[in-house]
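Undergrad: Pasting the sequence and the predicted model now:
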Amino acid sequence: MNRLPEPTPSAAAVSRSGPLTWVQQWHWFERTVPARRRVNPTPLADHCHVPPPATVADVHAALASLTARHEALRTTVDPLRPVQHVHRADWAPLPVDHVDVRAVDAGTLEAATAALAARPIDPERNPPWRARVLLEAGRPRAVLLAAHHVLIDGWGLAVLINQLHDQLHGVNAPVEASVHPLDAVAAQRPERARAAEREWLTRLAGNPTGVLAPFGGTDDGIGRHRLQHRSAGAYADLARVARRHRVSPEVVVLAALAHDVATRTGELRFLASVVVSNRARAALRNSVDVRALTVPVQIDLRPGAAFGEVVASVAAASAAAYRHGQWRPADLVAAQARMDRHRGVVTVPTIEYNCYSWPRDYLVPGYLAPAHGTAPDASATWIRSAPDEPCDTLYVDLALDAGVVTLDVTVGDHLLDAGQAVALPVRLCAFLRALADGADCPVPARPLASAASGWWRAPQGWVCPARVEDVLRGHPGVLDVTVVPSGDAAGEGEPHLVARARTAPGVTPGDLHRHVLDHLDEVPGIAAPGRYVLSRTATTGATSTTDTGTPRVPSRRPATGAERALAAAVAAVAPDGPPGGSSDGPDAVDMNRCLADHGVTLVAVPRLLALLHRFGFTGIAPDELAGTASLGHLATALEPSPPRAHRGGETAP
């Protein structure tokens, strides 16, 4: 295999620069997150076949033409600031290599595409994409493309592959110029973004969390399942239902998922995190840059509502989400984290829902799923991933390709076990058949499935008392603890948890409260600690005292060297903070608050990590800084590190 040529970056090669858009900021931050923790795959990868007359030179000419047409293919990003630079078309050699294979069959394509996707792309110094030509007996048979998500999204990769395929077949490319994200920055309306933030924070503030926790599954919650279900019959049923209700098929499937959640859990108000392409305008249909983002669709259902009312409600909520999609994601995430910490709640989307408009046969066939409940025209395969890969959210991907409905499901045991994961798409397809036949399918007034063993319904979400006990036992000085529900609708007051802890001298309810807050992002099943009533029995020889209550968390100044370094870095990147680099004056930073409490957004995290490195500390991952853990808790993970220069690419500074 020949090696990719290395470009020689030069300031003279930059034709224009500007800030990253509101969509790109999230992916720019995510590139600093360790690969195993990323939500979105980086890089994206796919392939297309090469027609027999085309040569390697034809492939290179087509890629060069696409590079000249799409500025996103020659854009790089700054490692420490949310800034992007567009380069001239001749800035770097084409990032193409060639691999000889014995035969370009389905297995070879799948393995080669996965291998290319596994190779990191450095979007700071190199083009944000790479290509690999598969040669069979010296002739090009397929082209594999991989792209970095910070500059090219999944829709854009599909557009790129389609245009490459058309050029290789002699089809003329679209004449209109591709719109670059820099062109959209000037059109952003900051007041609209701020209004959207306020609206979504208001909606999220009253939304229950973790509603899928009692969905079923096993007690250990360590398995992870990926399922693909394909049905031709469901395609016709879905089309009939969509025409009847005058909505898109994607909205119908989302409404069917919402109906299923309400049916099984009894929850009538929850979130669906929906991925949208943001290419409604014709001028953007052929753009290859990053425009897709996730919007939180808040679903409100009514007991007894027929499916027509359900789909109308979901359609209205989806339209509202799309209208308010142009927020500043870094500011919104920081504001939401600040709100969550104050409430003691971490909002987790119930459903992660994505719609694809191109084939996605990325699953390796494992073994055929049980035939129970599977329609004659349907097929399903599923893979169980390693047990150390928990999945806290139900991910459902929908594709409508060649007359077939394809539902991909990724889920963990504590939500749905393997059998329930297989049953979900089968149940959805049966539901579509009933709707197509004219059934009303009203929302049940009571859940049809019981909660998983060991879970309790708190005012802000589902809680597992046993996991709360485990967290409290992890605090130094806690000798024993029991957590039980208290209060109900029978007159005992608002439901809450009572934690009775036997502790060593000096441990206060405030200490335990902060300890629970610091573990919100780490242990599923912990919610609403502000509702906990912590009863502490302090053991002091032959006597004991009891202290009850959940006091307001007091402020605390940095004490250790690690805390002072973290406080100095936070002060340097916070809005209106002191100029960066100085380790003096961190006393104003409250170590009992999270990063968002100090006004620090996601886009400042890489610079904060660089400052920590300059101060001689490492050990914190970027996604931990974006959570609700207090700075004091994060500082305990810091450890001294020898100075080293940041090398860019996929490694966090």
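TA: Arrived safely.
Undergrad: Could you find the closest non-adjacent residue to Arg81?
TA: Arg607 (7.4 Å; C-beta to C-beta, 6 or more residues apart in numbering). C-beta: built from backbone N, CA, C; applies to glycine.
Undergrad: The one you found and Val600 touch, don't they?
TA: No - checked against C-beta atoms under 8 Å, the pair Arg607 and Val600 is beyond contact range at 9.8 Å.
Undergrad: Common neighbours of these two, please.
TA: Common contacts of Arg607 and Val600 (C-beta atoms under 8 Å, 6 or more residues apart in numbering): Val573.
Undergrad: Neighbour count: those two, which is higher?
TA: Val600 (26 against 18; other C-beta atoms under 10 Å).
Undergrad: which other helices and strands contact the helix or strand containing the residue nearest to Arg81?
TA: In the assignment (DSSP states H and E), Arg607 maps to helix 605-614. Applying 3 or more C-beta pairs under 8 Å, 6 or more residues apart in numbering; DSSP states H and E, we find helix 605-614 packed against helix 561-573, helix 622-625.
Undergrad: Determine the set of other helices and strands touching the longest helix anywhere in the chain.
TA: Taking DSSP state H as the criterion, the chain has its longest helix at helix 418-436. Packing partners of helix 418-436 (3+ C-beta pairs under 8 Å, 6+ apart): strand 224-231, helix 233-245, helix 249-265, strand 378-384, strand 404-412.
Undergrad: out of the ones you listed, nearest to Ala205?
TA: Ala205 lies closest, by C-beta to C-beta, to one member of these: helix 249-265, at 20.6 Å.
Undergrad: okay, the angle between the closest one and helix 233-245?
TA: With axes from the mean of the first three to the mean of the last three C-alpha atoms, to 10 degrees applied, the angle from helix 249-265 to helix 233-245 works out at 100 degrees.
Undergrad: what is the rounded mean pLDDT of helix 249-265?
TA: Helix 249-265 shows a mean pLDDT of 92.
Undergrad: The longest helix of the chain - what's its average pLDDT?
TA: pLDDT averaged over helix 418-436 gives 92.
Undergrad: buried set for that helix?
TA: Residues 418, 420-433, 435-436 are the ones in helix 418-436 that count as buried (16 or more other C-beta atoms under 10 Å).
Undergrad: Starting from whatever helix or strand comes next after it, tell me which strands it pairs with and how they run.
TA: Scanning forward in sequence from helix 418-436 by DSSP H and E, the next helix or strand is strand 456-458. Sheet neighbours of strand 456-458, with direction, are listed as strand 461-463 (antiparallel) (DSSP bridges).
Undergrad: What sits closest to Ser248 if chain neighbours are left out?
TA: Counting by C-beta to C-beta, 6+ apart, the residue nearest Ser248 is Ala242, at 6.3 Å.
Undergrad: swap in Asn592?
TA: With C-beta to C-beta, 6+ apart, the residue lying closest to Asn592 is Arg556, at 4.7 Å.
Undergrad: so the one you found touches Met591, yeah?
TA: Yes - contact status for Arg556 versus Met591: in contact at 4.8 Å, counting by C-beta under 8 Å.
Undergrad: anything in contact with each of these two?
TA: What both Arg556 and Met591 touch, as defined by C-beta under 8 Å, 6+ apart, is the set Gly632.
Undergrad: Mind jotting down where the helices sit in the stretch 101-250 of the chain?
TA: For the stretch 101-250 of the chain, the helices defined by DSSP state H, counting those that start in this stretch cover 106-118, 154-168, 181-185, 190-205, 233-245, 249-265.
Undergrad: Residues in contact with the first one: which ones?
TA: When you say that, I think you mean helix 106-118. Contacts for helix 106-118 (C-beta under 8 Å, 6+ apart): 41, 43-47, 99, 101-102, 130, 132, 134, 142, 144, 146, 362, 364.
Undergrad: beta partners of the nearest residue to Val409 once chain neighbours are set aside?
TA: Once flanking residues are discounted, Val409 sits nearest to Leu227: 4.3 Å by C-beta to C-beta, 6+ apart. Beta-bridge partners of Leu227, counted by DSSP bridges, are Trp382, Val409.
Undergrad: Leu227 and Val411, how far apart?
TA: Between Leu227 and Val411 the computed distance is 8 Å (C-beta to C-beta, to the nearest Å).
Undergrad: picking up where we left off before, of the contacts of helix 106-118, which count as buried by neighbour count?
TA: 43-47, 99, 101, 130, 132, 134, 142, 144, 146.
Undergrad: got CSV for those, with distance to Leu201 and pLDDT too?
TA: Shown next, in CSV, are the buried ones among the contacts of helix 106-118 (distance: C-beta to C-beta, whole Å; pLDDT from 0 to 100):
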residue, distance to Leu201, pLDDT
Pro43, 32, 74
Leu44, 31, 84
Ala45, 36, 86
Asp46, 36, 85
His47, 42, 86
Val99, 49, 94
Val101, 52, 92
Arg130, 39, 95
Arg132, 44, 96
Leu134, 49, 95
Ala142, 47, 93
Leu144, 42, 94
Ala146, 36, 93
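Undergrad: Which pair of the residues you listed spans the longest distance?
TA: Leu44 and Val101 (21.9 Å).
Undergrad: Would you mind saying which of the helices and strands packed on helix 418-436 lies nearest His519?
TA: strand 404-412 (18.7 Å).
Undergrad: what's the angle between that closest one and helix 418-436?
TA: Using the same axes, to 10 degrees: strand 404-412 against helix 418-436 is 140 degrees.
Undergrad: May I have strand 404-412 as CSV, with CA atoms only?
TA: The C-alpha coordinates for strand 404-412 follow below in CSV (Å, rounded to 0.1, in the frame of the first residue of the first chain):
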residue,chain,number,x,y,z
VAL,A,404,-37.7,-1.7,2.6
VAL,A,405,-38.0,-0.2,6.1
THR,A,406,-34.8,-0.7,8.0
LEU,A,407,-34.8,-0.1,11.8
ASP,A,408,-31.4,-0.2,13.6
VAL,A,409,-31.6,-0.5,17.4
THR,A,410,-28.8,0.0,19.9
VAL,A,411,-29.7,-0.6,23.5
GLY,A,412,-28.3,-1.8,26.8
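Undergrad: what residues does that strand touch?
TA: 217, 221-232, 234-235, 238, 253, 360, 363, 390-392, 394-400, 421, 424-425, 428-429.
Undergrad: Make a PyMOL selection of the buried ones in those.
TA: Buried members of the contacts of strand 404-412, defined by 16+ other C-beta under 10 Å, are picked up in PyMOL with:
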select buried, resi 217+221+223+224+225+226+227+228+229+230+231+234+235+238+253+360+390+391+392+394+395+396+397+398+399+400+421+424+425+428+429
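Undergrad: Poorly predicted segments of the stretch 501-650 of the chain, please.
TA: 521-522, 524-525, 527-553, 576-585, 643-650 (pLDDT under 70).
Undergrad: can you map out the strands along it?
TA: Here the stretch 501-650 of the chain has its strands, by DSSP state E, counting those that start in this stretch, at 532-540, 543-548, 617-618, 639-640.
Undergrad: For Leu517, grab the count of nearby residues.
TA: Neighbours of Leu517 (other C-beta under 10 Å): 23.
Undergrad: Equivalent analysis for Ala402, please.
TA: So Ala402, with other C-beta under 10 Å, has 9 neighbours.
Undergrad: Backbone dihedrals for it, please?
TA: Here the main-chain torsion angles of Ala402 (degrees, to the nearest 10) amount to phi 50, psi 40.
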